[in-house]
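S.K.: Provided below are the primary sequence and the corresponding predicted coordinates.
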Amino acid sequence: MKLTDLRDKDGATHSKKRLGRGIGSGSGKTAGRGVKGQKARSGVAINGFEGGQMPLYRRLPKRGFTNIFAKSFVTVSLARIQAAIDAKKLDGKEVVTGEALVKAGVLRRLKDGVRVLSDGELKAKLSFDVAGASKAAIEKIEKAGGSVKLPEQAAAE
């Protein structure tokens, strides 16, 4: 089989209907739009319009809100950090920060900061300077002989 032999199955594609091409074409004059009215005109966009009845999106009550001050953290597991140290992408002697993780290729972007989660085991003694960490992650880091510095701790000092 050659590339030139490839084609769609019969009936898979339809040629576009040519509208407004005379009375004999079957879709001339009004071009299948009926007569007059809003939908016969061009540029009609009436999503949600229910013919004057109160639309569904206005009949239902409003709920909740979007917190404009919410922070979006990037999560990283201890297993990924240990894997980066094992692959010599991350220096165990340096402080582990969000920038260091991005530079090592562990994370793609920082967003509002990094939050460390406790998945996996940590063998290296590391010091972290991150936006957040789970209690279990802090326990595992301290068990390995490391330390965690969080922003609320820095504010308290």
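M.R.: Here it is on my side, so go on. Residues are numbered from 1 along each chain as shown.

S.K.: Which residue ranges of the protein form strands?
M.R.: 74-77, 114-117, 127-129, 132-133, 147-149 (DSSP state E).

S.K.: just checking, what packs against the third one?
M.R.: I take that to be strand 127-129. strand 147-149 (3 or more C-beta pairs under 8 Å, 6 or more residues apart in numbering; DSSP states H and E). The C-beta positions use only the backbone N, C-alpha and C, and glycine is treated the same way.

S.K.: now residue 73, which residues is it bridged with?
M.R.: With DSSP bridges applied, residue 73 shows beta-bridge pairing to residue 111.

S.K.: Could you double-check that it lies in contact with residue 109?
M.R.: No. Counting by C-beta atoms under 8 Å, residue 73 stays clear of residue 109, with 11.5 Å between them.

S.K.: So these two - more neighbours on which side?
M.R.: residue 73 (16 against 7; other C-beta atoms under 10 Å).

S.K.: Report the separation between residue 86 and residue 113.
M.R.: Using C-beta to C-beta, to the nearest Å, we find residue 86 at a distance of 25 Å from residue 113.

S.K.: Residue 16 too?
M.R.: Distance from residue 16 to residue 113, by C-beta to C-beta: 52 Å.

S.K.: same check, this time on residue 125
M.R.: 23 Å.

S.K.: neighbour count winner among these two?
M.R.: Taking other C-beta under 10 Å, residue 125 and residue 113 do not tie; residue 113 has more neighbours (15 against 12).

S.K.: Need the phi and psi values for that one.
M.R.: Reported as degrees, to the nearest 10, the phi and psi values for residue 113 are phi 140, psi 180.

S.K.: Wait, it touches residue 98, no?
M.R.: Yes. Using C-beta under 8 Å, residue 113 makes contact with residue 98 at a distance of 6.2 Å.

S.K.: can you pull the pLDDT of the residue in the chain sticking out farthest from the centre?
M.R.: Distance from the centre of the chain peaks at residue 24, with 51.7 Å (C-alpha atoms, centre = their mean). Listed pLDDT for residue 24 reads 90.
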